[in-house]
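>>> Using only what follows, build the 3D model:
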Amino acid sequence: MVSASPSAPLLVFDFDGVLVDGMREYWWSARRAAQSLVPGLFLPEEAPAGFAQLRPLIHHGWEMVLMAAELGRAAGDPASLLTDYDGALQPALERWGWTPRQLQEALEAVRAEAIASDRGRWLALHRFFPGVRERLAALEPEGVSWAVLTTKGAAFAAELLAAADLKPVALYGHEHGSKTDVLRQLGPRPLWFIEDRRPTLELVRATPGLEAVRCFLVSWGYLAPGDRQGLEGAGIHWLEPRLFQASLAHWP
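Residues are numbered from 1 along each chain as shown. Next up, the predicted model:
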């Protein structure tokens, strides 16, 4: 439960691409999950360039496993996937005979095993974006509450937050429902939602009941080409590091 003054905004942060850069871990875990499903599947230890190109389009963790396998099949060339990413998902699932749930469970099994066997190594595959930890730590003295809303499993986000000694008032993972559903549950208090995925923000803006949510797209996240264009017309604010570090009164 979130408890704070009903008139004060609750800052709701996406996790990957907003608070944490986990690109190294994404490939590390996705590669192992794909290989657990297809023993002998060759995937390079270092993420191919195509994986970074696809990352802005990936919404759920299971998609990372699928994309790792697809990049292996296509020798690392993401061209066809970039052309119509959403349209490529179902044919790729059918090609491998997988389901999203199966892929998500494989990914989470890899992460759980990594934390159990060598937590320090797993944590070291991530880094908080510059200034993020300090800014989050300063919110409480300012009387501002913040929460995390992610498509990552909540337990894994909690591990990273605990290691950084960060304590949101609430943490919601993919198991708590869609982001729009969670945001509805957090109302009617003012909500400021900070994301790095423009399609997610556009969905929030188009969802009945969430018209009052103030949406921010961070400049430092996993952005796709053209994500900054036309934001004002879409009702989305551009958030740069300088403004992120400023008091909320100066946010756009």
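>>> so what's residue 159 closest to, chain neighbours aside?
The shortest distance from residue 159 to any non-neighbouring residue, by C-beta to C-beta, 6 or more residues apart in numbering, is to residue 115 (6.1 Å). C-beta coordinates here come from the backbone N, C-alpha and C atoms, glycine included.
>>> would you say the one you found is within a helix?
Yes - counting by DSSP: H, G, I helix; E, B strand; the rest coil, residue 115 falls inside a helix.
>>> That one: what's it in contact with?
122, 156, 159 (C-beta atoms under 8 Å, 6 or more residues apart in numbering).
>>> cool, residue 205 as well?
Contacts of residue 205 by C-beta under 8 Å, 6+ apart are 211, 213, 215, 234, 235, 236.
>>> tell me which element it is part of?
In the assignment (DSSP states H and E), residue 205 maps to helix 198-206.
>>> I'd like the mean pLDDT over that helix, please.
Averaging pLDDT along helix 198-206 yields 96.
>>> Domains in this structure, by residue range?
Following automatic domain parsing, the chain resolves into domains at 10-21+127-250, 23-124.
>>> and the gap between residue 183 and residue 237?
Going from residue 183 to residue 237 by C-beta to C-beta, to the nearest Å gives 16 Å.
>>> Compare neighbour counts for those two and give me the winner.
A direct count of neighbours by other C-beta atoms under 10 Å for residue 183 and residue 237 places residue 183 higher, at 21 against 17.
>>> elements contacting the helix or strand of the chain with the lowest mean pLDDT?
Counting by mean pLDDT, DSSP states H and E, the chain has its least confident helix or strand at helix 79-83, which shows a mean of 89. Applying 3 or more C-beta pairs under 8 Å, 6 or more residues apart in numbering; DSSP states H and E, one finds that helix 79-83 makes contact with helix 49-54.
>>> could you point out which element follows the helix it packs on?
Following helix 49-54 in sequence order, the next helix or strand is helix 61-73 (DSSP H and E).
>>> how about that following helix: buried residues?
61, 62, 63, 64, 65, 66, 67, 68, 69, 70, 71, 72 (16 or more other C-beta atoms under 10 Å).
>>> Settle this for me: the third one is touching residue 89, isn't it.
Just to be clear, that refers to residue 63. Yes - with contacts defined as C-beta atoms under 8 Å, residue 63 counts as touching residue 89 at a distance of 6.8 Å.
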